[in-house]
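Q: Take a look and give me a structure for this.
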Amino acid sequence: MTHQQISSEDREYLKEMTAYRKGLYHLLSTLFIKEQNSAELEELYTSTSAACSNDMIFEGERAFLAFLSSLKDVDFKELAGSLRAEYARLFLGPRPKKAAPYESIYRGSPRRMFSDVTMNVRECYRNAGFEILAQGQEPDDHIGFELEFMRELCNNLAALLDAEKLDIFSVQKNIQDQKTFLSNHLSKWVGSFATKIRTETNQPYFVALADLLESFIVEDVLLIEECVNILAV
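A: Numbers count the residues shown, from 1 in each chain. Here you go, the predicted model:
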C-alpha cells in the first residue's frame, strides 16, 4: 500500500459515499437480523420520502423505495403479523428453513452450517476486532451479521476520514479489508440467497428485500473498487 495523501475533494466524496454505504448496510442488517414490528415497518415507510432525495441512491434502492411507497394504505399491524409468520418460515424454522440465511449453506463442500466457511468468517471478525452481540445464538455467517460487519467497517472508515489528521495507511487498510470481505464472502453467496428467497415466498416485501440485497452488493463491489482507485497512486 502507498502512503500518498488525497485531495480535499476526494476526501469529502469518500465521506459521503461511506455514510451512504454505512446506512444501507445498517438497513439491510436490521431487516434481516429480525422481523420488524408494526412501528418499525411504519417508520421504514415514512422514511422513504427523505431517502428519495438522495442523489447517490441506485436503481435497486429506488425499486425498494417504490415498493415501500406502495404501502400507503396498509394496516401496519396486520402487515407485521403476516411478515412475522413468513420471516419465521423463511429464516427461523422450527421446520427446515426455506431460505437459510447462512453463507455456509450456499458455499463450500459439504454445504452445511458451521463449516470452514463459517470459521473463515469468524476469523475475519476476529482480525477486525468485531464482536457479535448475539454471539452463540446464530452462526457467525448469518447474513445479518455479515452485513453488520460491513456496517462496522464503514463506521470505522468514517471515523478515519473525519479525523483532523488523515491516517492514509489506515484508510487504505480499512478499504482493502472491505474489498476482501466483499470479494471472498458476501458477493459469493447473496445472489443464491436472494434467488432462494424469491423462489420460496410470494410475499412482495421479502421479494423486494431480496432484490435490494442482491442489487446493493453488486453495486457495492463497484463502489469499493472506486474507493481503491481514488487512493491509488
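
Q: Before we move on, what's the pLDDT of Met56?
A: With respect to pLDDT, Met56 has a value of 64.

Q: Helix or strand: which one has Cys154?
A: helix 143-162 (DSSP states H and E).

Q: in stretch 188-207, what counts as buried?
A: 188-191, 193-194, 196-198, 200-201, 203, 205-207 (16 or more other Cβ atoms under 10 Å). C-beta here means a position set from N, CA and C on the backbone, and glycine is covered the same way.

Q: whoops, stretch 33-42 was the one
A: Going by 16+ other Cβ under 10 Å, stretch 33-42 has these buried residues: 33, 35-36, 38, 41-42.

Q: what's it in contact with?
A: 30, 44, 71, 76-77, 79-80, 83-84, 87-88, 142, 144-145, 148 (Cβ atoms under 8 Å, 6 or more residues apart in numbering).

Q: Tell me which helix or strand in the protein has the weakest average pLDDT.
A: Lowest by mean pLDDT, DSSP states H and E among the helices and strands of the chain is helix 48-52, with a mean of 56.

Q: Quick check: next helix or strand after it?
A: helix 59-69.

Q: mean confidence score for whichever strand or helix holds Ala39?
A: Per DSSP H and E, Ala39 falls inside helix 38-46. For helix 38-46, mean pLDDT is 90.

Q: With only the CA atoms kept, save it in CSV.
A: The C-alpha trace of helix 38-46 is given here as CSV (Å, rounded to 0.1, in the frame of the first residue of the first chain):
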residue,chain,number,x,y,z
SER,A,38,-45.7,-2.6,13.1
ALA,A,39,-44.0,0.6,14.5
GLU,A,40,-40.7,-0.3,12.8
LEU,A,41,-42.5,-1.0,9.5
GLU,A,42,-44.3,2.3,9.7
GLU,A,43,-41.1,4.1,10.4
LEU,A,44,-39.5,2.4,7.4
TYR,A,45,-42.4,3.6,5.2
THR,A,46,-42.3,7.2,6.5
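
Q: now it against helix 59-69, angle please.
A: Relative orientation of helix 38-46 and helix 59-69, computed by axes from the mean of the first three to the mean of the last three Cα atoms, to 10 degrees: 120 degrees.

Q: I appreciate the help and will end here.
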